[in-house]
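Engineer: no FASTA, just this:
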């Protein structure tokens with residue numbers, strides 16, 4: 001049986017609240033899993049059930065509250081995309097077994113954060129799971145959320161200058177793009193660009209969730225069957241460049 005441990009860690013000048021989920025017995029080939037919530041009112045509690053599902057299959061998992069979210073310190077307007085990367089990387093350095101390959105799971109805004117972490121950890125990242133992911137232009141990456149960030153990202157097509165697609169195009173591990181039936185938040189062009197980038201080198205599949213909207217963390221928390229589909233897709237044996245379109249559900253320095 002998995003064990004959930006709640007701690008607070010000093011990271012990036014903040015007190016970051018973290019849940020670590022250690023399996024009762026590790027898998028034969030375990031991965032370290034980091035699950036990253038989205039923006040707004042997102043927090044680790046919403047994505048913790050997914051972390052627990054990975055741990056139930058023998059893969060130690062970690063979920064955190066970014067600063068200004070959940071039980072972590074800090075004010076949301078002081079957070080930035082750069083700080084999100086640094087906080088996630090700080091948690092990886094302290095809590096993820098360095099001997100294990102990583103699976104990075106990102107919801108919404110964390111689609112950018114996962115790409116940023118790929119640039120830090122390179123081939124250590126074995127798989128990425130992107131749930132209704134967003135990406136953001138380079139000009140917004142280091143701007144605090146309370147200092148004009150919203151205005152920058154609302155400029156038409158600003159996401160086209162993001163560094164994320166290039167990172168995803170170079171990524172050669174497993175990649176699962178999890179999409180809701182309807183997404184009223186992420187532009188279709190963003191989803192298309194991410195998908196196109198992942199077809200370059202990744203072992204890529206798409207999982208569609210009928211009935212779901214953009215807030216996939218909230219959806220998955222109440223849908224154990226869909227969570228299992230996500231976990232299974234992330235852990236499946238390699239089959240390079242395979243794409244899945246199911247019926248009801250398709251199917252190192254930190255600056």
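Structural biologist: Looks like it arrived, so ask away. What you are looking at is a predicted structure, and each value in this text was computed from that prediction instead of being measured. Numbers count the residues shown, from 1 in each chain.
Engineer: from here on, just use CA atoms for contacts and neighbour counts.
Structural biologist: Fine.
Engineer: and the helices in the stretch 101-250 of the chain?
Structural biologist: 110-121, 150-153, 164-170, 188-198, 216-221, 224-235 (DSSP state H, counting those that start in this stretch).
Engineer: buried sites along the third one?
Structural biologist: What it means is helix 164-170. For helix 164-170, burial by neighbour count (16 or more other Cα atoms under 10 Å) applies to 164, 165, 167, 168, 169, 170.
Engineer: residues contacting the first one?
Structural biologist: It stands for residue 164. By Cα atoms under 8 Å, 6 or more residues apart in numbering, the contact set of residue 164 is 112, 115, 116, 135, 136.
Engineer: same thing with the second one?
Structural biologist: In this structure, residue 165 makes contact with 115, 193, 194, 197, judged by Cα under 8 Å, 6+ apart.
Engineer: and if you look at the fourth one?
Structural biologist: For residue 168, the set of contacting residues under the criterion of Cα under 8 Å, 6+ apart consists of 115, 194, 197, 198, 202.
Engineer: run the last query once more with 6 Å
Structural biologist: By Cα atoms under 6 Å, 6 or more residues apart in numbering, residue 168 lies in contact with 197, 198.
Engineer: circling back: most surrounded residue in the contacts of residue 165?
Structural biologist: In terms of neighbour count, residue 115 stands highest of these at 24 neighbours, by other Cα atoms under 10 Å.
Engineer: so how far is residue 190 from that residue?
Structural biologist: Plainly put, residue 115 is 14 Å away from residue 190 if you go by Cα to Cα, to the nearest Å.
Engineer: just checking, residue 36 touches residue 103?
Structural biologist: No - using Cα atoms under 6 Å, residue 36 is not in contact with residue 103, being 11.0 Å away.
Engineer: more crowded one of the two?
Structural biologist: Between residue 36 and residue 103, residue 36 has the larger neighbour count (other Cα under 10 Å), namely 31 against 25.
Engineer: burial measure for the residue lying closest to that one once chain neighbours are set aside, as a count.
Structural biologist: In this structure, residue 36 finds its nearest non-sequential neighbour in residue 106, 4.8 Å apart by Cα to Cα, 6 or more residues apart in numbering. Per other Cα under 10 Å, the neighbour tally for residue 106 reads 26.
Engineer: try residue 77
Structural biologist: A count of nearby residues for residue 77, using other Cα under 10 Å, gives 15.
Engineer: give me the spatial nearest neighbour of it, chain neighbours excluded.
Structural biologist: That would be residue 146: by Cα to Cα, 6+ apart, it lies 4.0 Å from residue 77.
Engineer: which residue ranges of the protein form strands?
Structural biologist: Ranges of strands within the chain are 3-11, 14-22, 32-36, 61-64, 102-107, 125-131, 174-180, 203-209, based on DSSP state E.
Engineer: how about a markdown table for the ones you listed, with distance to residue 94 added?
Structural biologist: Listed next are those as a markdown table, based on distance: least, Cα to Cα, whole Å:
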| stretch | distance to residue 94 |
| --- | --- |
| strand 3-11 | 9 |
| strand 14-22 | 11 |
| strand 32-36 | 12 |
| strand 61-64 | 11 |
| strand 102-107 | 14 |
| strand 125-131 | 16 |
| strand 174-180 | 24 |
| strand 203-209 | 29 |
